[in-house]
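Q: pasting the sequence and the predicted model now:
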Amino acid sequence: MRTGRYTVTEDAEAIIGGGRWSPPPLLLAYPIRGVQPTRDRGWPDDPLQPPRNCVSLAFATTAFAVSEPIDSVTLHSGGGAASWDPTTPETGCFGGVAYYPVGDGAFTSGGVHSDAFDGGLGVHVYSKSAGNVGFRDGDGQGDHVGESLTVGPRSVVGMRIVETDTGLPGSPTLRALVRVTNPTSKRMTRLVSICSNLGSDDITGIRASSDGNHKFTAGDRWVVTSDNATTPSDPPVTHVFSGKGDLRVTKRGLCAPGGGSDCVGQQMRLTLGAHKTRYLLFFAEMHFTNGDAIVDASKYNNKNLTAALRSGLSQTVRNRILNWDLG
Ligand SMILES: [Ca+2]
Ligand SMILES: [Ca+2]
Ligand SMILES: [Ca+2]
């Protein structure tokens, strides 16, 4: 809408990206040289970049993100039932260094259960020459506001990545929104993976998966793992790698837990047009029992996200999530 000489964008949430502000600021774009940005003319593809013909001002309605050492941040979800300790580069699933949104992880409802992860939810981009290269932050500082932490930007195998991890209030869930941008003028195809080294180590077992069996393959959207089929001592962990419907990624198996393996991950092949920005979306949960974890995973069996899971994600962002079909 227009108010006076200002244009209030309909894409305010999209422009501020993946939850760096909470709640989203009102963004005003003031046109210069008499040129109006319109939806016909289109906004630039990178939602963090305002149109060149505008001067933009962002007003946060409450808290500003605070730059903080990533290692000092702990995110909480489910009313404090689950805590997630983001870590600057450490080794996880590949033995290579990466930023991990959760280094250990603890579930504290019904007793303290820690050691869910040994480096969880690391993002890697595959390179023929270097193998899986971990996404990591340049200076070890993240932007922290409420229960959200934004890390990056950082170029990994030529693709620019920013990640926003959010502890959701209504369930013991961590949401990882990974923004990927092709900064070049040519199409770019990349293999992006997300994987965890589980704290359940070599006694990891699969308690459930989305296709109903006890195997984890590329066709699974989610999987529940733990260190015991009846009385787990570490928190059972749920990984959610994608949604239902038409995905704009091709999924591949990366590593499967069980049989002595404590690695769980999937790889996604994606293509970005010139200067395009898109997103990947993942969730992880911790629980006290296998049964609780399996019951709670059912909310990921709908094509659409529940209001709680999509909280703070604009429709524009949701439309651009490659591994879900939320348009
Ligand atoms: Ca940083
Ligand atoms: Ca382990
Ligand atoms: Ca399966």
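A: Done, it's in. Numbering: from 1, shown residues only. Ligands and ions are numbered 1, 2, ... in the order given.

Q: which elements pack onto the longest helix anywhere in the chain?
A: Determined from DSSP state H, the single longest helix within the chain is helix 290-297. Contact here means 3 or more Cβ pairs under 8 Å, 6 or more residues apart in numbering; DSSP states H and E; on that basis helix 290-297 packs against strand 205-209, strand 222-226, strand 237-240, strand 277-286. Bear in mind the C-beta positions are built from the backbone N, C-alpha and C, glycine included.

Q: residues making contact with the shortest one?
A: Defining contact as Cβ atoms under 8 Å, 6 or more residues apart in numbering, one finds that strand 237-240 is touched by 105, 116-117, 120-121, 196, 198, 200, 221-226, 264, 282-287, 293, 296-297, 300.

Q: 6 Å instead?
A: 116, 222-225, 264, 283-286, 293, 297, 300 (Cβ atoms under 6 Å, 6 or more residues apart in numbering).

Q: what do you get for the longest one?
A: If you take Cβ under 6 Å, 6+ apart as the criterion, strand 277-286 is touched by 45-46, 82, 105, 107, 116, 121, 172-181, 194, 235, 237-240, 320-324.

Q: give me the nearest residue to residue 182, chain neighbours excluded.
A: Using Cβ to Cβ, 6 or more residues apart in numbering and skipping the chain neighbours, the partner closest in space to residue 182 is residue 272 (3.7 Å).

Q: got the CA positions of stretch 245-264 in CSV?
A: Extracted in CSV, the C-alpha atoms of stretch 245-264 (Å, rounded to 0.1, in the frame of the first residue of the first chain):
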residue,chain,number,x,y,z
GLY,A,245,4.1,-32.6,-2.2
ASP,A,246,6.1,-31.3,-5.1
LEU,A,247,9.6,-30.6,-3.9
ARG,A,248,12.1,-28.5,-5.9
VAL,A,249,15.0,-30.6,-4.7
THR,A,250,16.1,-34.1,-5.4
LYS,A,251,16.8,-35.9,-2.2
ARG,A,252,19.5,-38.5,-1.7
GLY,A,253,20.6,-40.6,1.2
LEU,A,254,23.7,-39.3,2.9
CYS,A,255,24.1,-41.4,6.0
ALA,A,256,21.6,-43.7,7.9
PRO,A,257,21.6,-44.4,11.6
GLY,A,258,21.6,-47.9,13.0
GLY,A,259,23.9,-50.8,12.6
GLY,A,260,26.6,-49.1,14.6
SER,A,261,26.2,-45.7,12.7
ASP,A,262,25.3,-42.6,14.7
CYS,A,263,25.1,-40.3,11.6
VAL,A,264,21.7,-39.2,10.2
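
Q: quick check, the residue in the stretch 51-200 of the chain closest to ligand 2?
A: Residue nearest to ligand 2 within the stretch 51-200 of the chain: residue 118 (3.7 Å; Cβ to the ion).

Q: isn't that residue up against residue 199?
A: Yes. The pair residue 118 and residue 199 passes the contact test of Cβ atoms under 6 Å, sitting 5.5 Å apart.

Q: those two: who's more crowded?
A: Remark: of residue 118 and residue 199, residue 199 carries more neighbours, 25 against 22, as counted by other Cβ atoms under 10 Å.

Q: and that one, what's its pLDDT?
A: Per-residue pLDDT puts residue 199 at 97.

Q: excluding residues flanking it in the chain, which one is nearest it?
A: Using Cβ to Cβ, 6+ apart, the closest residue to residue 199 is residue 115 (3.7 Å).

Q: pull the number of nearby residues for the one you found.
A: By the criterion of other Cβ under 10 Å, residue 115 has 16 neighbours.

Q: isn't it right next to residue 232, touching?
A: No. Between residue 115 and residue 232 there is no contact under Cβ under 6 Å: 10.8 Å.
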